[in-house]
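[1] Whatever this is, show me its structure:
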Amino acid sequence: MRIITIIGARPQFVKAAIVSHYIRLHNDSSSIRIEERILHTGQHYDYNMSQIFFEEMGIPTPTWHLGSTNNVEHMRDAIIPLINGQADYIMVYGDTNSTLAGALAAEACNIPLIHVEAGLRSYNMEMAEEHNRIETDKRAALLFCPTHTAVENLRKEGITQGVYHVGDVMYDATLYFAEQAENCSTILQQLNLSPKQYYLATIHRAQTTDNADKLSNILLAFQQVKTPIILPLHPRTRKVIEQSDRLTQLIQDASHLHIIDSVSYLDMLLLEKYAALILTDSGGVQKEAYFHHTPCITMRPETEWVETTEAGWNTIVGTDKARILQAIQYPTQPQHEITEYGCGKAAANIIQVLCQNEY
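    Modelled structure (predicted):
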């Protein structure tokens with residue numbers, strides 16, 4: 001079985017790492033061999049956002065690297081001649097532009113598509129990610145869902161064939177790399193941080209960074225927080241701030257805000273685990289906060305990970321300054337554990353289904 005995995009952004013590297021690991025384990029013990037080759041679109045291309053993930057997580061070296069682009073059509077057109085006739089399946093992850101580009105290229109080459117993390121919906125069509133999810137799911141032959149809610153979302157859209165609830169591969173990755181992070185990461189010492197004595201923040205989504213008022217509201221809220229806030233700054237966010245005198249001044253006036261460069265996956269695991277609170281506009285970080293049982297405040301108007309809010313681990317506040325501060329001061333209390341994400345065997349479940357569908 002020949003699979004070409006198409007990835008290009010940081011969240012995809014994490015998911016692909018654990019599935020690739022299980023593919024190698026499978027090949028060591030099974031007569032059904034899976035040949036995986038990786039195509040890196042270059043959507044995230046600098047060292048801290050890309051190469052370091054391949055090095056520390058053992059992701060196979062890409063067979064192809066497109067360079068650096070975030071344009072869906074350009075990626076699609078570059079991918080098509082590379083994959084045409086070269087694979088039994090194309091596998092994509094999540095909801096980035098690389099995901100949709102891979103789906104469109106697979107469709108053009110008439111190669112069955114695998115979508116890992118299928119069925120997620122925020123029901124906010126202003127998000128590019130929502131468009132990417134929907135269009136990718138429409139084209140997928142095998143849809144691997146992290147939750148039963150995702151399965152139900154697909155059913156509502158008339159998609160029932162090839163749909164499997166396998167659990168969450170990001171939970172697999174968190175469990176698998178937890179010990180390595182503890183043994184290898186020195187991020188807490190580097191930043192002189194004590195466990196549960198700081199907050200962790202991430203801000204990267206275009207909906208936030210492309211709106212000066214939203215980003216200003218978040219920074220104004222951060223100014224009033226007396227607990228140290230560690231903010232690994234995404235290149236997109238850094239560029240927006242550097243181009244605005246107002247945003248730069250807001251950063252300077254936030255005395256407890258500590259900006260650092262983007263960090264590796266292992267460093268991020270430790271920062272999430274030992275934070276007293278996480279404030280984010282990321283999708284994946286919401287889940288990782290729960291995996292570490294760290295309370296989360298999501299600075300978006302909605303979430304695709306509804307289980308985290310229903311269970312009381314995550315509070316949705318948007319970008320309103322008052323709501324952010326209120327959620328920090330009066331955090332919700334967790335109500336129960338979440339079983340939807342499985343028990344750390346999502347990648348193994350994916351491999352099992354692939355072997356059952358071999359042709």
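[2] Identify the residue spatially nearest to Glu242, adjacent ones excluded.
    For Glu242, ignoring the flanking residues on the chain, the nearest one in space by CB to CB, 6 or more residues apart in numbering is Thr248 at 6.9 Å. C-beta: built from backbone N, CA, C; applies to glycine.
[3] Span of stretch 301-308 from start to end?
    Start-to-end span of stretch 301-308 (CA to CA, to the nearest Å) is 14 Å.
[4] buried stuff in that stretch?
    Thr303, Glu304, Trp305, Val306, Glu307, Thr308 (16 or more other CB atoms under 10 Å).
[5] I'd like the residues you listed written out as JSON lines, with distance to Asn217 and secondary structure added.
    Putting those into JSON lines (distance: CB to CB, whole Å; DSSP: H, G, I helix; E, B strand; the rest coil) gives the following:
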{"residue": "Thr303", "distance to Asn217": "18", "secondary structure": "coil"}
{"residue": "Glu304", "distance to Asn217": "22", "secondary structure": "coil"}
{"residue": "Trp305", "distance to Asn217": "23", "secondary structure": "coil"}
{"residue": "Val306", "distance to Asn217": "24", "secondary structure": "helix"}
{"residue": "Glu307", "distance to Asn217": "27", "secondary structure": "helix"}
{"residue": "Thr308", "distance to Asn217": "22", "secondary structure": "helix"}
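[6] Give me the pLDDT for the residue nearest to Glu242.
    Turning to Thr248, the model gives it a pLDDT of 90.
[7] name the element it belongs to?
    Thr248 belongs to helix 245-253 when assigned by DSSP states H and E.
[8] Who are the contact partners of Thr202?
    Leu231, Pro232, His234, Ile278, Leu279, Thr280, Asp281, Ser282, Val285 (CB atoms under 8 Å, 6 or more residues apart in numbering).
[9] Please name the bridge partners of the nearest residue to it once chain neighbours are set aside.
    Among residues not flanking Thr202 along the chain, Thr280 sits closest, at 4.6 Å (CB to CB, 6+ apart). Note on Thr280: beta-bridge partners by DSSP bridges are Thr202, Thr298.
[10] State the distance from Thr280 to Phe144.
    24 Å (CB to CB, to the nearest Å).
[11] Looking at those two, which one has more neighbours?
    Phe144 (29 against 23; other CB atoms under 10 Å).
[12] Which pair in the contacts of Thr202 has the greatest spatial separation?
    Taking CB to CB as the measure, the contacts of Thr202 span a maximum distance of 15.0 Å, between His234 and Ile278.
[13] Run through the protein and note the low-pLDDT ranges.
    44-50, 358-359 (pLDDT under 70).
[14] Show me which positions of the longest helix seen in it end up buried.
    Of all segments of type helix in the chain, defined using DSSP state H, the longest is helix 10-29. For helix 10-29, burial by neighbour count (16+ other CB under 10 Å) applies to 10-23, 26.
[15] which residue ranges form the strands in this protein?
    Using DSSP state E, the strands found in the chain span residues 2-7, 35-40, 64-65, 89-93, 113-116, 142-145, 163-165, 199-202, 229-233, 257-261, 277-280, 296-298, 314-316.
[16] what are the pairing partners of the fifth one, and which direction each?
    What it means is strand 113-116. strand 89-93 (parallel), strand 142-145 (parallel).
[17] Figure out which of these is closest to Arg37.
    Nearest to Arg37, of the strands paired with strand 113-116 and by CB to CB, is strand 89-93 at 10.4 Å.
[18] Let me know the angle separating the closest one from strand 35-40.
    Between the axes of strand 89-93 and strand 35-40, defined by axes from the mean of the first three to the mean of the last three CA atoms, to 10 degrees, the angle is 50 degrees.
[19] any idea how far Gly158 is from Arg205?
    29 Å.
[20] Likewise for Val285?
    31 Å.
[21] The two: which has the busier surroundings?
    Val285 (22 against 8).
[22] does that one really touch Glu272, like I thought?
    Yes - the pair Val285 and Glu272 passes the contact test of CB atoms under 8 Å, sitting 7.2 Å apart.
[23] Overlap in contacts, these two.
    Ile278.
[24] I'd like to know how many residues surround His131.
    For His131, using other CB under 10 Å, the count is 15.
[25] How about residues contacting stretch 58-77?
    Under CB under 8 Å, 6+ apart, the answer for stretch 58-77 is 8, 13, 16-17, 20-21, 36-43, 45, 53-54, 78-79, 82, 97-98, 100-102, 104-105, 108.
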